[in-house]
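K.L.:
Make a model of this:
(chains A and B)
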Amino acid sequence: MIGYFLRHAQVLLASLGQLARAPGSTVMTVCAIGITLALPTLLYLMVDNIKSMSHSWQGRPQVSVFLKQHVSTEGIESLQRNLLQRAEIKSSQLITSDQALEEFKKQSGFGRALDLLGENPLPASIVIQFNDDHSFPSIVEGLVEELRSRPEVDFAQWDMAWVKRLHVILKLVQRAVIVLATLLGLAVVIIISNTIRLAILNRRDEIEIMKLIGATDRFIRRPFLYGGVIQGLLGALFAVAIVIVCLKLLDGPVVELLDLYRGTFTASGVTGRTFSLLLAAGSGLGWLAARAAVGRYLRQIEPK
Amino acid sequence: MIRFTQVSKRYESGHDALTNVSFIVKKQEMAFLIGRSGAGKSTLLKLITRVENITRGQLLVNDRNIGRITKRQIPGFRREVGVVFQDHKLLHDRTVFDNVALPLVVAGVGHRETSRRVRAALDKVDLLDKERLYPIMLSGGEQQRVGIARAVVNRPPLLLADEPTGNLDPQLSDEIMDIFHQFNQFGVTVLVATHEYRHIDRLGKRVLELDHGRMVRGGNGEEI
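P.N.:
Coordinates of the predicted model:
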């Protein structure tokens, strides 16, 4: 077992040596991979931050449930208990018809006119706040529909269409990020494949000799796979550096913009998760590209 | 050890390199394969190492039917056969030691055992003091001896050589042939393709002669 790891360590060192012996092409490849990986990462972080911003703003989804006049206090309490048991609901606040009337009097200035009515025309209502994780338009809309069908509910409304629009736009951008990431991932595969192809062609004689003395395809493949993974990893690290620099550059204007809206949002940068994801993507794509290139070109090299 | 039975080889171009070749090289025997350029000597060796596959007939090497081994089995089979080439086929970016160690590295032999066996092989070809040098720093004869050390380091029961003295002067050429002779005396089966009849006269070994792809001497299962 130790021997197995030792052999892998030797191949890893040899692959590093091969890359170091061609510094120009290695640096160019790593830069190309880095830029290619940095673009979707930046977009992803932007979408992620806008999403967080939309949650942290006061415009967090809120549903008002207006109850029918005849609903008893027990009925209202039962509905409220029922609502609070749901995972998506953070809190619910009951506004009795008397409280609603008081507030209306204060805000509208029609206090005396309302006194003339004799009875309170305003219904009791429940204001529902959602948990951050469940404040998606589809969940909120589903609940509104469900509440509307209940006998004690006269009307339920969610009048924050802009949040819905924002979520739709974000969904669209998220899809665009996925498409872009896929396309750029493909570009990374092509870049690394081409580098590995050139490395294979440069070492054609060596591969022929290895095959003649009984090396398996797996043995011959190994250093190229390591080479692909190393280039992918280095590219990912470069991408992290690019993203950090870009975020630093954008930080000032974003804070200024938020100040205009009196926002207190702190943009998130490259987290441990993003970092790990980038490294995994870089090494994974590197491995995939090397595997594809080696599989294709190794078959073409046979001893003569 | 090597048994050709009515073996023919036709290349994709339609050229018949070998036609109905039959012969046997017994275990621990040493034989010379002779013939003019284009007679089919190299093709015959390529069939034994499975660089090329036979078109017709049956070829047994170390009791294996070479025509039927799968692609996956080829590397394992090649480790049982040591091959020396006219152009040495050394890796010029690696030292003498690393070149000789290559078959052992490929076979997954441990580091300590590799060092021991490489030094033993280099000692046999009298190059122990040059293990740290690169092939480019060696003479043609020395490079060929590195090639021989690499071919025998894995202790193969069969050693093939394709014109191993082609680029060497007569004295070096004799030295190389003597090394093959020594390995044969240690029990290794040796088949040497050459066009230098001198060696045959000097060492007095069995001769297989090819002419235009046909075995004209030493064939048909005829043994010494």
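K.L.:
Quick check on the closest residue in space to B:Val152 that isn't next to it in sequence: phi, psi?
P.N.:
Excluding the flanking residues, the one nearest B:Val152 by Cβ to Cβ, 6 or more residues apart in numbering or on different chains is B:Gly82, at 5.3 Å. (Glycine included, C-beta is placed from N, CA and C.) Main-chain dihedrals, B:Gly82, degrees, to the nearest 10: phi -90, psi 140.
K.L.:
Check B:Leu90 too.
P.N.:
Reported as degrees, to the nearest 10, the phi and psi values for B:Leu90 are phi -100, psi 160.
K.L.:
Let me see the contact set for the residue nearest to B:Val152.
P.N.:
B:150-152, B:154, B:156, B:158-160, B:188 (Cβ atoms under 8 Å, 6 or more residues apart in numbering or on different chains).
K.L.:
Let me know whether my guess that A:Val71 is in a strand holds.
P.N.:
No. Counting by DSSP: H, G, I helix; E, B strand; the rest coil, A:Val71 is not found in a strand; it is coil.
K.L.:
That one: neighbouring residues, count only.
P.N.:
By other Cβ atoms under 10 Å in any protein chain shown, the residues close to A:Val71 number 18.
K.L.:
which stretches of the chain form strands?
P.N.:
Picked chain A for this. Here chain A has its strands, by DSSP state E, at A:62-67, A:89-95, A:125-130, A:153-157.
K.L.:
you looked at the wrong chain, it should be chain B
P.N.:
Listed in chain order, the strands of chain B (DSSP E) span B:2-10, B:16-25, B:30-34, B:56-61, B:64-65, B:81-84, B:158-162, B:189-194, B:206-211, B:214-217.
K.L.:
May I see these arranged in JSON lines, with distance to A:Ala187 and mean pLDDT as well?
P.N.:
Converted to JSON lines, those look like this (distance: least, Cβ to Cβ, whole Å; pLDDT from 0 to 100):
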{"stretch": "strand B:2-10", "distance to A:Ala187": "46", "mean pLDDT": "94"}
{"stretch": "strand B:16-25", "distance to A:Ala187": "46", "mean pLDDT": "93"}
{"stretch": "strand B:30-34", "distance to A:Ala187": "53", "mean pLDDT": "94"}
{"stretch": "strand B:56-61", "distance to A:Ala187": "48", "mean pLDDT": "94"}
{"stretch": "strand B:64-65", "distance to A:Ala187": "47", "mean pLDDT": "92"}
{"stretch": "strand B:81-84", "distance to A:Ala187": "43", "mean pLDDT": "94"}
{"stretch": "strand B:158-162", "distance to A:Ala187": "46", "mean pLDDT": "94"}
{"stretch": "strand B:189-194", "distance to A:Ala187": "50", "mean pLDDT": "94"}
{"stretch": "strand B:206-211", "distance to A:Ala187": "54", "mean pLDDT": "92"}
{"stretch": "strand B:214-217", "distance to A:Ala187": "57", "mean pLDDT": "90"}
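K.L.:
which stretch among these comes nearest A:Thr216?
P.N.:
Of all these, it is strand B:81-84 that lies closest to A:Thr216, at 15.6 Å by Cβ to Cβ.
K.L.:
so what strands line up beside the closest one?
P.N.:
Here strand B:81-84 is paired, per DSSP bridges, with strand B:158-162 (parallel).
K.L.:
what distance separates stretch B:100-117 from the middle of the whole chain?
P.N.:
In terms of Cα atoms, centre = their mean, to the nearest Å, the centre of stretch B:100-117 is set 20 Å apart from its chain centre.
K.L.:
For chain A, what lies in contact range of chain B?
P.N.:
Within chain A, the positions near chain B by Cβ under 8 Å from any Cβ of the partner chain are A:3, A:6-7, A:205-206, A:208-217, A:219, A:302-304.
K.L.:
Could you turn the buried ones of those into a PyMOL selection?
P.N.:
Burial among these is assessed by 16 or more other Cβ atoms under 10 Å in any protein chain shown; the matching PyMOL selection reads:
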select buried, chain A and resi 7+206+209+210+211+212+213+214+215+216+217+219+303
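K.L.:
got a list of what whatever residue of chain A ends up closest to chain B touches?
P.N.:
Using Cβ to the nearest Cβ, A:Gly214 is the residue of chain A that sits closest to chain B, at 3.6 Å. The contact partners of A:Gly214, by Cβ under 8 Å, 6+ apart, come to B:75-79, B:103, B:106-107.
K.L.:
follow-up on the earlier one: for the strands of chain A, which one sits closest to A:Ser52?
P.N.:
Comparing the strands of chain A by Cβ to Cβ, strand A:125-130 comes nearest, at 15.2 Å.
K.L.:
That closest one versus strand A:153-157: what angle between them?
P.N.:
Per axes from the mean of the first three to the mean of the last three Cα atoms, to 10 degrees, the angle that strand A:125-130 makes with strand A:153-157 is 40 degrees.
K.L.:
Need the CA coordinates for strand A:125-130. CSV is fine.
P.N.:
Written as CSV, here are the backbone C-alpha positions of strand A:125-130 (Å, rounded to 0.1, in the frame of the first residue of the first chain):
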residue,chain,number,x,y,z
SER,A,125,-56.3,40.4,9.9
ILE,A,126,-53.1,38.3,10.4
VAL,A,127,-49.8,39.5,9.0
ILE,A,128,-47.5,36.6,8.2
GLN,A,129,-43.7,36.9,8.0
PHE,A,130,-41.7,34.2,6.2
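K.L.:
Skipping adjacent residues, who's closest to A:Ile213 in space?
P.N.:
Among residues not flanking A:Ile213 along the chain, B:Pro103 sits closest, at 4.7 Å (Cβ to Cβ, 6+ apart).
K.L.:
State the distance from the one you found to A:Ile200.
P.N.:
Distance, B:Pro103 to A:Ile200, using Cβ to Cβ, to the nearest Å: 21 Å.
K.L.:
more neighbours, the two?
P.N.:
For the pair B:Pro103 and A:Ile200, the greater number of neighbours falls to B:Pro103 (28 against 23), based on other Cβ under 10 Å.
K.L.:
Can you list the low-confidence ranges for chain B?
P.N.:
B:220-224 (pLDDT under 70).
K.L.:
likewise the stretch 201-304 of chain A?
P.N.:
Applying pLDDT under 70 to the stretch 201-304 of chain A picks out residues A:258-267.
K.L.:
ok, which stretches of it are helices?
P.N.:
A:204-212, A:217-260, A:272-298 (DSSP state H, counting those that start in this stretch).
K.L.:
again with chain B
P.N.:
Applying DSSP state H to chain B gives helices spanning B:41-48, B:74-78, B:96-107, B:111-124, B:140-152, B:170-185, B:197-203.
K.L.:
Tell me which other helices or strands the shortest one touches.
P.N.:
In terms of contacts (3 or more Cβ pairs under 8 Å, 6 or more residues apart in numbering or on different chains; DSSP states H and E), helix B:74-78 is packed against helix A:204-212.
K.L.:
Domain parsing of the chain, as residue ranges.
P.N.:
Looking at chain A here, since you left the chain open. A:2-56+A:165-298, A:62-159 (automatic domain parsing).
K.L.:
Actually, chain B is the one I wanted.
P.N.:
Looking at automatic domain parsing, the domains of chain B come to B:1-80+B:158-224, B:93-155.
K.L.:
how about the ones you listed in JSON lines, adding distance to A:Glu119?
P.N.:
What follows is the domains of chain B, written out as JSON lines (distance: least, Cβ to Cβ, whole Å):
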{"stretch": "domain B:1-80+B:158-224", "distance to A:Glu119": "92"}
{"stretch": "domain B:93-155", "distance to A:Glu119": "94"}
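K.L.:
if we compare the ones you listed, which one ends up closest to A:Cys31?
P.N.:
The closest of the domains of chain B to A:Cys31 is domain B:93-155. By Cβ to Cβ, the value is 26.5 Å.
K.L.:
Could you tell me the end-to-end distance of that closest one?
P.N.:
25 Å (Cα to Cα, to the nearest Å).
K.L.:
No further queries at this time; thank you.
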